[in-house]
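> After the sequence you'll find the predicted model.
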Amino acid sequence: DAKTTQPPSMDCAEGRAANLPCNHSTISGNEYVYWYRQIHSQGPQYIIHGLKNNETNEMASLIITEDRKSSTLILPHATLRDTAVYYCIVRVGTGTASKLTFGTGTRLQVTL
Amino acid sequence: KAGVTQTPRYLIKTRGQQVTLSCSPISGHRSVSWYQQTPGQGLQFLFEYFSETQRNKGNFPGRFSGRQFSNSRSEMNVSTLELGDSALYLCASSLGGELFFGEGSRLTVL
């Protein structure tokens, strides 16, 4: 699986959009971009994933650049409960599983 | 439906002992993977099982082993515990797409 690079930390004011970037310049054509988050001492929680097109669900939006070398996770209206470590990973999508490299993630701090 | 269940949630062992951790995946999920999380190393992949077969293995010594049963439940074992094995051990189940994680088993080695 391709490696990802994320900033170690970010701050965001409550109610504002949080934009978390991720670089994955060595991504292969059949690799999906997945985002997870981990709230202190809990198991990571799936947020969203995508291949080429932008995706949106009830939690977040995922914007993938046309060359697929980077992506941005957008939390449209961050709340204090969104304070967590966010992990961007790339992996072969469905049908088979492959060992995942989570990296160190971005620690998002949402403040009042 | 029930999520991924890991037991025990917390345990304390001493150096040299061995430990067995259990993971019950979401019903219908046949893939189970294990991760070790420490403050210094982050989340590291241990191994993945699918239909009772180890499909992938991370970069850990042979003291770390696992297995999967016919009902997809999985166990991991760490023998001859070292202080550095203190960590949160996470299990995840999958149908092949997104992973669903349990709350983890926090192991402290004294």
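Great, that's in hand. Remember, it's a predicted structure, so these values are computed and weren't measured experimentally.
> pLDDT below threshold where in the chain?
Let's take chain A. Chain A contains residues with pLDDT under 70 at A:1-2, A:92-100.
> Let me rephrase: I mean chain B.
For chain B, applying pLDDT under 70 flags the ranges B:1.
> what does it put close to chain A?
Proximity of chain B to chain A, by C-beta under 8 Å from any C-beta of the partner chain, involves residues B:4, B:31, B:33, B:35, B:42-45, B:48, B:50, B:55-58, B:88, B:90, B:92, B:94-104, B:106. C-beta here means a position set from N, CA and C on the backbone, and glycine is covered the same way.
> tell me which element B:N59 is part of?
Using DSSP states H and E, B:N59 sits within no helix or strand.
> contacting residues for the closest residue to chain A within chain B?
Going by C-beta to the nearest C-beta, chain A is nearest to B:F101 of chain B, at 3.3 Å. Taking C-beta atoms under 8 Å, 6 or more residues apart in numbering or on different chains, we find B:F101 in contact with A:G43, A:P44, A:Q45, B:V4, B:L90, B:C91, B:A92.
> How about B:A2?
Taking C-beta under 8 Å, 6+ apart, we find B:A2 in contact with B:I26, B:S27.
> Kindly report the same for B:S51.
B:S51 makes contact with B:R30, B:Q68, according to C-beta under 8 Å, 6+ apart.
> Now the closest residue to chain B within chain A. Nearest residue, chain neighbours left out?
Chain A approaches chain B most closely through A:G43 (3.3 Å), counting by C-beta to the nearest C-beta. Leaving aside its chain neighbours, A:G43 sits nearest to B:F101 (3.3 Å; criterion: C-beta to C-beta, 6 or more residues apart in numbering or on different chains).
> For the one you found, list each beta-bridge partner.
Taking DSSP bridges, one finds B:A92 as the beta-bridge partners of B:F101.
> So which residue is smack in the middle of the chain?
No chain specified, so I'll use chain A. Nearest residue to the geometric centre of chain A (C-alpha atoms, centre = their mean): A:W35, 3.3 Å.
> Oops, wrong one, chain B.
Taking C-alpha atoms, centre = their mean, the centroid of chain B lies closest to B:W34, which sits 3.7 Å from it.
> residues in contact with that residue?
B:C23, B:F45, B:L46, B:F47, B:E48, B:G66, B:S74, B:M76, B:Y89, B:L90, B:C91, B:A92.
> can I assume A:K69 is in contact with A:I27?
Yes. Using C-beta atoms under 8 Å, A:K69 is in contact with A:I27, at 6.7 Å.
> neighbour-wise, which of the two wins?
Higher neighbour count among A:K69 and A:I27: A:I27, with 23 against 14, using other C-beta atoms under 10 Å in any protein chain shown.
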